[in-house]
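**Student:** Sequence first, predicted model second:
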Amino acid sequence: MKSNARPSKPNYLIGILIIAAFGVLTFLCTRKEKDDNSPIVIDWHSPSLEELRLIGPILGGNGITGCGVFKVGTYKGETKVACTRDDVNWIYYDIWEASQAVNRTPTDQYSRFNSPN
């Protein structure tokens, strides 16, 4: 005999509530990240000789030029580079040593960084 029994309404409603709660939590968590304008504090420093040997070729190999002065720091495990020609206007990059990739930080985030000077 086949049973044509459908799930009882309480079990069905609990499932819907769990899915809805997960959706709401996901929305709230991602919204907070997008709206986060808190300062990003990085311990900027002049690169050591070892850092110059590692980062310099990565910057050059990715077509990054004009870094008369640059500072390095780490944020959330990523290497950040602040680059300037005039010690006033800085451009920020993320460096991934393993893949030798560089990504320019979006300019709308610049105001969140503490000054490399």
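**Tutor:** Arrived safely, thanks for sending.
**Student:** Please report the distance of the closest residue in space to Val41 that isn't next to it in sequence from Val88.
**Tutor:** Distances taken as Cβ to Cβ, 6 or more residues apart in numbering place Asn114 nearest to Val41, at 5.1 Å, with adjacent residues excluded. For glycine as for every other residue, the C-beta is placed from the backbone atoms N, C-alpha and C. Applying Cβ to Cβ, to the nearest Å, the value for Asn114 to Val88 is 15 Å.
**Student:** And these two? Which one has more around it.
**Tutor:** With other Cβ atoms under 10 Å as the criterion, Asn114 and Val88 differ in neighbour count, and Asn114 comes out ahead with 13 against 8.
**Student:** wait, doesn't the more buried one sit right on Ser38?
**Tutor:** No. Contact status for Asn114 versus Ser38: not in contact, 11.8 Å apart, counting by Cβ atoms under 8 Å.
**Student:** Show me the strands in the chain, by range?
**Tutor:** Ranges of strands within the chain are 69-75, 78-84, 90-96, 101-104, based on DSSP state E.
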